[in-house]
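# Output the structure for:
(one chain, ligands or ions: 1)
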Amino acid sequence: MEIELIRGDITNLEVDVIVNAANTELRGGGGVDGAIHRAGGEEIAEACDKIRESQGGCPVGEAVITTAGKLPAKFVVHTVGPVWQDGKSGEPALLRNCYLNSLKLAVENQLDSIAFPNISTGVYGYPKRAAAEIAIQAVRTSDNTLKKVIYVCFDDENFRIYQQLLN
Ligand code: AR6
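This is a model prediction of the structure:
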């Protein structure tokens, strides 16, 4: 499995699946979630509505998969990161589950390439370095059949942290 680091906007990537840092309601929001829904169009929200109707949203640490609408990616995995509290409220395990459950959905759908944003490190306030360590460790230790995993950093600070940790 190849691991790549990119700085930029995840909505531009031509990969099999991009991961969205969603909320439990799957209703779209700001940050990367807003960017994905804007660029992908209504089809993504409609697919999220159906999931909400059938299973009542998505719990923290879990993931669901939808169409990518008009995006160049084939699918979007929506996962819900933990809101940072004090680090002692289960946040590390929940964040790790976001990565593992996203990888699992990609494998189940026979996909080869996946791109992750820095889940929970925006509005949800997870300390960036700690989140990056979990993101890298989760992927490295996971048992999956993917060919390529891409970390997409939108902000400079995350990009620098990933550069350091991946080298
Ligand atoms: N491409 C890649 N990464 C991005 C982009 C983009 N276009 N835009 C922002 N980021 P956030 P969270 C980075 O706040 O902390 C939403 O309202 C950003 O720099 O998007 O998990 C949801 O609906 C940051 O590093 O997600 C939830 O309510 C990272 O994405 C809530 O925010 C995550 O920041 C989720 O909060």
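# Just after the lengthiest helix in the chain, pick out the following helix or strand.
For the chain, the helix with the greatest residue count under DSSP state H is helix 91-108. The helix or strand immediately downstream of helix 91-108 is strand 113-116, counting by DSSP states H and E.
# check which helix or strand covers Thr66.
In this structure, Thr66 sits in strand 63-67 according to DSSP H and E.
# Now name the helix or strand holding Phe159.
Phe159 belongs to helix 156-166, assigned by DSSP H and E.
# now for that helix, which elements pack on it?
strand 2-7, helix 128-141, strand 148-153 (3 or more CB pairs under 8 Å, 6 or more residues apart in numbering; DSSP states H and E). Any C-beta I mention is one placed from the backbone N, CA and C, and that applies to glycine too.
# tell me the contacts of the closest residue to Ile119 other than its chain neighbours?
Once flanking residues are discounted, Ile119 sits nearest to Gly81: 4.1 Å by CB to CB, 6 or more residues apart in numbering. Going by CB atoms under 8 Å, 6 or more residues apart in numbering, Gly81 touches 21, 60, 94-95, 98, 119-120, 124, 126.
# Phe154 too?
Phe154 neighbours (CB under 8 Å, 6+ apart): 7-10, 32, 117-118.
# my guess is Gly31 contacts Ser120, does it?
No: here Gly31 does not reach Ser120: they are 10.3 Å apart, not a contact under CB atoms under 8 Å.
# which neighbours do the two share?
Listed as contacting both Gly31 and Ser120 by CB under 8 Å, 6+ apart are Ala21.
# Compare those two (neighbour count), which wins?
Ser120 (27 against 16; other CB atoms under 10 Å).
# my guess is the more buried one meets Arg96, correct?
No: with contact defined as CB under 8 Å, Ser120 does not reach Arg96; the gap is 11.1 Å.
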